[in-house]
Structure formats: C-alpha cells, structure tokens
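# need coordinates for the below:
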Amino acid sequence: MSDGPPGPSRLDGVRLGRLQRHADERGAFRELWRASTFGELSPGDTGATADLMAEPAGGQRFVQANLSTSRPGVLRGLHYHRRQLDYWVVASGRALVALVDVRPLLDGSGPQALVETHDLRADDWVVIPVGVAHGFLALEELELLYLVTNEYDGGDELGFAWDDPAVGVPWPRLAMTADGRPILSDRDRTNPTLADLVARLRG
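Numbers count the residues shown, from 1 in each chain. The predicted model follows:
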C-alpha cells in the first residue's frame with residue numbers, strides 16, 4: 001500500500017485526496033471539511049431537484065453527517081443514489097472502495113458501467129457524485145465519516161449486487177472470514193443485478 005494520497009479517478013466528478021493531520025504528543029487534529037475550500041456543488045453532481053434548486057441555498061449543500069463503523073471483512077454496497085452526493089473520509093482503518101459509474105448505461109453513452117477501486121486509509125477522502133454507485137470492504141477495523149447532500153428518508157436507497165459478474169468489481173478473497181467471502185447485510189445480500197436496476201430506473 002502506498003504512503004501517498006490516493007491517485008486520481010477517471011470517473012467524471014469523482015475526486016480523491018488526503019487530509020492534513022497535525023499531530024504532537026497530545027494527539028492529532030484534522031480539518032475534515034471547509035465550505036470555502038471544498039468548492040461549489042453542482043446540480044449535476046448532487047442530483048438536486050427543481051424544488052430544492054428554488055430554495056435560497058439552492059439545494060446544493062451538505063445536510064447530514066454520518067459515522068459508519070465496520071469490523072474487518074464487512075462489505076457495504078453496492079449502493080446507488082439519484083439525489084445525493086457523498087463525501088467520505090476514512091477516520092481510522094483501511095477500506096477498499098469500489099466506484100461503479102452507471103451513467104453510461106442510463107444515458108446510452110456506453111455499453112457498460114465503468115469500474116474502479118481505491119485502497120483508502122486514515123485521512124483519505126473521496127467525493128462521489130450522483131450516478132456513481134459505491135461500496136466499501138473493511139480491510140481493518142474501520143471508521144468512515146460521510147457527509148451527504150440529501151437527508152435520509154429511504155426513498156433514494158437503491159443498489160445492486162456486490163458480486164454482479166457483469167460489473168466485475170475485483171473484490172479480494174478474505175483471510176478473516178471462514179469462507180473467504182465478505183460479511184453482508186440482508187439488504188446487500190439480496191440486491192438485484194445492475195441490469196435489473198437499470199431497467200427499473202429507465203422504466
């Protein structure tokens with residue numbers, strides 16, 4: 001694993017980087033996010049709807065922060081949103097993050113989704129725009145902080161199978177589980193294929 005920040009993404013709107021950590025004998029301080037340096041959020045990246053765009057703040061802002069903790073071997077994904085940009089920060093631990101750009105399938109610009117993975121560790125961050133499905137595998141005890149631009153209501157919680165062979169995310173076989181497979185939620189264990197999800201979204 002490289003000690004440097006994560007490399008660039010080839011997926012439109014995805015950004016990666018690393019926080020600056022200020023440490024001394026007392027501990028450490030990290031600035032997780034600052035509006036003035038983060039940059040403007042576009043409607044295309046956040047999936048802002050017309051009613052949100054009419055609000056004074058334009059509907060293009062972070063409105064909720066969450067902290068996810070996962071033990072090694074837990075996989076969460078692949079999840080997909082139509083109205084939400086995610087900003088993830090690895091607070092501690094290490095994760096293999098999978099990004100699947102579904103936009104070519106939905107807009108007809110390409111025959112398949114674009115897939116890439118990134119090995120992220122403490123202080124690494126990633127910005128995930130609307131149209132890019134995402135998931136992560138905890139390679140170590142993991143704390144993942146994420147800011148989102150849509151409050152949770154359950155209506156935009158879509159997803160597809162983490163191991164869909166037509167997508168081909170290169171998840172590793174795991175030494176920390178008895179069968180080498182990840183630990184999944186009931187939801188993630190029963191998600192449809194990407195083809196089924198795209199057919200539903202187009203319909």
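
# identify the bridge partners of the residue nearest the centre of the chain.
In the chain, the C-alpha nearest the mean C-alpha coordinate belongs to residue 134, at 4.2 Å (CA atoms, centre = their mean). Beta-bridge partners for residue 134, by DSSP bridges, are residue 79, residue 99.

# confidence score at it?
The model reports residue 134 with a pLDDT of 98.

# for residue 65, same thing?
At residue 65, the pLDDT value in this model is 97.

# for burial, what's the neighbour tally of the closest residue to it other than its chain neighbours?
The spatial neighbour of residue 65 that comes closest, neighbours along the chain excluded (CB to CB, 6 or more residues apart in numbering), is residue 147 at 5.0 Å. For every residue, glycine as well, the C-beta is placed using N, CA and C. Using other CB atoms under 10 Å, residue 147 has 20 neighbouring residues.

# so what's residue 147 up against?
Residue 147 sits next to 33, 62, 64-66, 86-87 when contact means CB atoms under 8 Å, 6 or more residues apart in numbering.

# what does residue 152 give?
residue 64.

# wait, residue 114 sits on residue 101?
Yes. Counting by CB atoms under 8 Å, residue 114 touches residue 101, with 4.1 Å between them.

# name the residues contacting each of the two.
residue 11.

# between the two, point out the one with more neighbours.
Remark: of residue 114 and residue 101, residue 101 carries more neighbours, 23 against 17, as counted by other CB under 10 Å.

# you'd agree that one is up against residue 80?
No. With contact defined as CB under 8 Å, residue 101 does not reach residue 80; the gap is 10.7 Å.
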